[in-house]
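[1] sequence and predicted structure, then a few things I'm wondering about:
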Amino acid sequence: MTRIPLLVAVLLVGIAFAPATHADRSPLDRLRIHDDAALWQARSCVGEVGWTDLDACDAMTWVHVKRAAARGLPLRTMIREYSAPVRRAHRRPRHRPWIVDLTTTGPAPATWHRGSWSRAQAGFRTVLERVEKVLAGEVPDPCPEVVHYGGPMDGAPPRHERDPECAPSSRQLFFRPVSFGGAS
């Protein structure tokens, strides 16, 4: 009789200390993050939603993280494939080429024409710091089910796909769940 409670106790302790399954782990744990991934993500955020919409930037960063983890790609690759403002030059011409040259140090990009570079660098530094916090796991995923975002060029989503909790007021019209099968 004493063997059964002892066996149950051993099983419970084993379960409590068992490593998390693949599904239980954060996508950040399953991801290759290159040194410059945060920089590319910050550039993507500025290009997609501007300098101040940090909530939308958080959601976008998590979308890139989840998509990269699901496809087994490095984060930098996913960002540069998925976000139009930082998409590789050979894929499409950019109407704001300075976005891919944003940095927190150094001179303004050659194509910069938007006013004070020092103020822009300070704003970019704020965006980059926020992205670094997301990638460090310090900012939780605001939209855990969402794996896609879209703006005016994508058209308005159907009413049932709009999630006000996950769609901060920004140029992004929607953050929504979709299957990875056909979406890119």
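    Alright, I've got the coordinates.
[2] what sits up against stretch 66-76?
    When contacts are defined by C-beta atoms under 8 Å, 6 or more residues apart in numbering, stretch 66-76 is touched by residues 27-28, 30-34, 36-37, 40-41, 64-65, 77-79, 81-82, 135, 141, 147, 180. All C-beta atoms are positioned from the backbone trio N, CA, C, and that covers glycine.
[3] again with stretch 27-42
    Outside stretch 27-42, the residues within contact range by C-beta under 8 Å, 6+ apart are 22, 57, 60-62, 64-66, 68-70, 73-76, 79-80, 86, 102-103, 124, 127-128, 130-132, 135, 137.
[4] need the next SSE after whatever helix or strand residue 81 lives in, C-terminal direction.
    Residue 81 is part of helix 75-82, with elements assigned from DSSP states H and E. Proceeding N to C from helix 75-82, the next assigned helix or strand is helix 117-135, under DSSP H and E.
[5] hmm, which of the contacts of stretch 27-42 are the buried ones?
    Buried subset of the contacts of stretch 27-42 (neighbour count, 16 or more other C-beta atoms under 10 Å): 57, 60-62, 64-66, 68-69, 73, 75-76, 79-80, 86, 102, 124, 127-128, 130-132, 135.
[6] quick check: closest non-adjacent residue to residue 117.
    In this structure, residue 117 finds its nearest non-sequential neighbour in residue 108, 3.9 Å apart by C-beta to C-beta, 6 or more residues apart in numbering.
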